[in-house]
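Peer 1: can you look at this prediction? I've put the sequence above it.
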Amino acid sequence: MPLVMATWLIFGFRLDYAEFTAEGRMRLLAAVGLNTIFFPLFTTFLLRKLGFMDSYQMHTARERIVPMLATMIFYFWAWNTFRNLEGIQPSLRNFMFGNFIGIIALFLLNIFMKVSLHAAAAGAMIGLVFMVMLQSATDLSPMLFLAIILGGVMGTSRMILKAHYPLEIWLGYITGVLTMVIAFLI
């Protein structure tokens, strides 16, 4: 989800990134992809092969601890990199910060229950679109509607798969939205 939403911010608001060439924008997306997809997946693969996890599905909250700690490090690195780059718009910088504080919040909640990370990502998407909508002169209400629909589909699919209870999904949505709003307000 971070890569999809970063793509939306970078290519959806081209004028904000006019100083970057197409190659420069692709490098930004590559940095997001490496830190939010590749490194966490590779770490999870290594943890599974080393026996720290029983399965890639991480059925228990306990199995999520080490992968989430590693992901926290990668998300911090991504946010720290983007906050120090010239030409990065506040929306992307705040989004990366929201991802970082979101994974911290989810890690802390995970101590008590298995919160839906998928729903949290959907909530973060909704929160991001809402916050950008408040700051933009462009009417983004269709994008917000689409984000809500996609978030609903994601949460529903998690319940159909019996991966989470409704409370875990709602807690994920709330965490995702709140962390993104907090990131933009700070």
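Peer 2: That came through fine.

Peer 1: just the helices in the chain please.
Peer 2: In the chain, the helices defined using DSSP state H lie at 2-12, 22-33, 39-49, 65-84, 90-110, 117-135, 141-160, 166-185.

Peer 1: nearest to residue 58, of these?
Peer 2: helix 65-84 (6.9 Å; C-beta to C-beta). All C-beta atoms are positioned from the backbone trio N, CA, C, and that covers glycine.

Peer 1: which of the residues in that closest one are buried?
Peer 2: Buried residues in helix 65-84, counting neighbours by 16 or more other C-beta atoms under 10 Å, are found at 65-68, 70-72, 74-79, 82.

Peer 1: now do it, average pLDDT.
Peer 2: In this model, helix 65-84 carries a mean pLDDT of 92.

Peer 1: packing partners of it?
Peer 2: Secondary-structure packing of helix 65-84 (3 or more C-beta pairs under 8 Å, 6 or more residues apart in numbering; DSSP states H and E): helix 22-33, helix 39-49, helix 90-110.

Peer 1: which residues does that helix contact?
Peer 2: Under the contact criterion C-beta atoms under 8 Å, 6 or more residues apart in numbering, helix 65-84 has outside partners 2, 31-32, 35-36, 39-40, 43-44, 47, 52-53, 58, 88, 92-93, 96-97, 99-100, 103-104, 106-107, 110.

Peer 1: I'd like to check the angle between that helix and helix 90-110, please.
Peer 2: Interaxial angle of helix 65-84 relative to helix 90-110 (axes from the mean of the first three to the mean of the last three C-alpha atoms, to 10 degrees): 160 degrees.

Peer 1: ends of stretch 58-69, what's the gap?
Peer 2: 14 Å (C-alpha to C-alpha, to the nearest Å).

Peer 1: doesn't residue 5 make contact with residue 121?
Peer 2: No - using C-beta atoms under 8 Å, residue 121 is not in contact with residue 5, being 9.0 Å away.

Peer 1: so those two - more neighbours on which side?
Peer 2: Applying other C-beta atoms under 10 Å to residue 121 and residue 5 shows that residue 5 carries more neighbours, namely 25 against 22.
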